[in-house]
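Enquirer: Predicted structure and sequence below. I'll ask about it afterward.
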Amino acid sequence: MTQTGLFGAETLALHAGQTPDATHGSRATPIHFTTSYVFPDADHAAALFNLERPGHVYSRISNPTNAVLEERIAALEGGVGAIAVASGQAALHLAVTTLMGCGGHIVASRSLYGGSHNLFAYTLPRFGIQTTFVDPRDAEAWRAAIRPETRLLFGESIGNPALDVLDIPTVAGIAHAAGLPLLVDATLVSPALQRPFELGADLVMHSATKFIGGHGVAVGGLLVDGGCFDWEASGLFPTLTEPYDGFHGMDFAEESPVAAFLLRARREGLRDFGACLSPMNAFQILQGLETLPLRMRAHVDNTNRIAAHLAAHPLVEKVAYPGLDAHPDHELATRLLPDGCGAVLSFDLKGGREAGRAFIGALRLFSHLANVGDAKSLVIHPASTTHFRMTAADLAAAGIGEGTVRLSVGLESSADLLTDLDRGLHAVGKLNKA
Amino acid sequence: MDILIRQQACRIYTGGRNFDRNLPCVVLIHGAGHDHSVWNNQARHLAHQGFGVLAPDLPGHGSSQGTPLPSIDAMADWLLEMLDALGVAQASLVGHSMGSLIALAAAARATERVKALILVGSVAPMPVAPALIEAAASTPARAHAMINQWSYSPAAQLGASASPGTSLLDINLRLMERQAAGVLASDLRACNSWTEGLARAADIHCPTLLISGERDQMTPARAVKPLCAALVNAAGGARMITVAGAGHAMMAEAPDAVSDAIRGFLRT
């Protein structure tokens, strides 16, 4: 990936946000397992509460281990700061509730992770926040769906599981013309493959559970503020531009023109909703983050081989992977994802649902489970698992067929993975002959 | 708060407390291509410790209207007009980098109105590398990268930020990018062309403190000494404090040390 700051991504992934601790010289990031922090004296305590002095008060709001993770992802993304939360869903919820309340409206890509779709389609309406879903490739649909009460546009860098590439510059342009920010879920690409702020996004979120952690041992989420959006100029965000009685009467945009969103999200969202990340999880995610650029290169290499292999196989109807020439977003991907299109792909087997079941049942290396972004290869049948709440029409609109299989390609030997997939395809062949 | 100065709206940050002109007044003046938010920690600290704080966005900067004033003297005049507009008879002036030159110029011309002077990351004269001025005018992104390279100590260039979860270098980039086209180049030219600093220093009679960063590459501690020596008439002699480990962006790198130095000096 291109180096845009003082240090390359490989260096930032190892060092950003941390220096050896002054007391013991620990090289690795210590795990600060503490709920709270001793005040040196009463004046210092008051100064911390008044934001006269930076520092930690209570680990729901901030924690030194989490702060390393937050600063590191911010440096990798090129954002002004980040907030580590309990999951990717907590990051999405924190973003939405920082920007709007009852009466708010979101325009979202209809090609989303099932959990995000559920939040927008079923849960947020209960709190008075509506969402209009649009075809992410239809610029006019994004524009037409914006209403006076719209406060956010949302999409995934690469949609899940149809693998459509979000045209971030175009959608960001539409958002900005309406005085609105664009939030991008960059979970499937990570900052090793795409830095959405450089393409026009205003906020970025990750399920750190996936590629950023990489090991599949810790659930966590990250919300990053790009610091570019002018909340005052927009005039649509009183939560950021008017005094907030719940926190020192602070006008967040006056307080910090570039980090107003981050400030409110931490001081209100983390404090009141409380979806904080355990420092143990932050430490584990940091261990993965250290090798993210290296791992993503290997993920992409394996995935390119597998995508080409599947695309050429007679039992595969179609493969959805933007790295393939035949993918409708391939040209866009070469511009927005020049270092690779990640390690998730989906494909349709000839034989529909039963073929999908036979295929998954025959695999030995690919683990059948509901996750992506592990160092180990994973497989799932979305229609019966991650997206089971969606109607057939919604499934079709999101590009998911009854027999669609999704792979998250890991870091095993590519030869071994191809052998495993051939084992599954052989089972499909036997089923189709029967 | 927003007030009108010369018929143009001016944003003045007051540290999270309403400005009270009956309290000892402290003016915090930002540097080139910046706005009031570089003083967030210090402004909040002073405002909660019994001072009336004024941290303006200079004309054409941040949320203040207008275009950047072309010279340090013009900025000093504007600053004194701001005090007039708010009915402030006397204030302590604290400036960072370009802001320190503005504070020095204002204190030299309005000696009765300035109670104390604190110059942070300051040298006089303040020559600016021609390559930086040229980049600021033609390719701001290159200028911003140069400034980030020179403004932070080696440790701060990788973190860890004193403010949990923030990337100081990215905050500084966004702050500079947010200013209108030409603002940074105009500011840097103003710094470069104001060559009267050492002469004006002799006109300063109020207590004066210079705060420098041990790892400051923009205004290195050794380069501060001629200015310190020129402040011969400062009450009690000019004092100098070096902030351990900090670079030019010391208010962000070492917020508590800078806040304590300012408050400690103003309380003496």
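Expert: Received, thanks.
Enquirer: The helix or strand encompassing residue A:425 - contacts with which helices or strands?
Expert: Assigned by DSSP states H and E, residue A:425 falls within helix A:414-433. If you count contacts as 3 or more C-beta pairs under 8 Å, 6 or more residues apart in numbering or on different chains; DSSP states H and E, helix A:414-433 packs onto helix A:292-311, helix A:352-362. Placement of C-beta: from N, CA and C, glycine included.
Enquirer: And the shortest one, how far out from the chain middle?
Expert: This means helix A:352-362. 29 Å (C-alpha atoms, centre = their mean, to the nearest Å).
Enquirer: Comparing the helices and strands packed on helix A:414-433 by mean pLDDT, which bottoms out?
Expert: If you rank these by mean pLDDT, helix A:352-362 sits at the bottom with a mean of 88.
Enquirer: helix or strand right after it?
Expert: Downstream of helix A:352-362 (by DSSP H and E), the next one is strand A:367-368.
Enquirer: Pairing partners for that following strand, with directions?
Expert: In the sheet, strand A:367-368 lines up against strand A:378-380 (parallel) (DSSP bridges).
Enquirer: Show me which residues of the strand it pairs with are buried.
Expert: A:378, A:379, A:380 (16 or more other C-beta atoms under 10 Å in any protein chain shown).
Enquirer: neighbouring contacts of it?
Expert: Applying C-beta atoms under 8 Å, 6 or more residues apart in numbering or on different chains, the set of residues contacting strand A:378-380 from outside is A:360, A:363, A:366-372, A:386, A:405-408, A:410.
Enquirer: Tell me the one among the residues you listed nearest to residue B:167.
Expert: Distance ranking of these against residue B:167, using C-beta to C-beta, places residue A:372 first at 27.1 Å.
Enquirer: was I right about the closest one contacting residue A:345?
Expert: No. Residue A:372 is not in contact with residue A:345 according to C-beta atoms under 8 Å; the separation is 10.4 Å.
Enquirer: right, is stretch B:21-37 up against chain A?
Expert: Yes. Counting by C-beta under 8 Å from any C-beta of the partner chain, chain A is contacted by stretch B:21-37 at B:35, B:37.
Enquirer: Start and end of that stretch, how far apart?
Expert: Using C-alpha to C-alpha, to the nearest Å, the end-to-end distance of stretch B:21-37 comes to 21 Å.
Enquirer: Pull out the buried residues from it.
Expert: B:24-37.
Enquirer: which two from the residues you listed end up farthest apart in space?
Expert: Across the buried residues of stretch B:21-37 (C-beta to C-beta), the longest gap, 29.5 Å, separates B:24 and B:33.
Enquirer: How about residue A:127: what's its closest non-neighbour residue?
Expert: Using C-beta to C-beta, 6 or more residues apart in numbering or on different chains and skipping residues adjacent in sequence, the residue nearest residue A:127 is residue A:102, 6.3 Å away.
Enquirer: check contacts around the one you found.
Expert: A:127, A:128, A:129.
Enquirer: ok so, going back, taking the buried residues of stretch B:21-37 one by one, which sit in strands?
Expert: B:25, B:26, B:27, B:28, B:29 (DSSP state E).
Enquirer: Show me the strands in the stretch 1-150 of chain B, by range?
Expert: With DSSP state E, counting those that start in this stretch, the ranges of strands along the stretch 1-150 of chain B come out as B:2-5, B:8-13, B:25-29, B:52-56, B:91-96, B:114-120.
Enquirer: Show residues contacting the fifth one.
Expert: It stands for strand B:91-96. Here strand B:91-96 has contacts from B:24-31, B:34, B:38-39, B:42, B:54, B:79, B:83, B:101-104, B:106-107, B:113-122, B:251, B:262, B:266, using C-beta under 8 Å, 6+ apart.
Enquirer: If anything else comes up later, I'll come back, but that's it for now.
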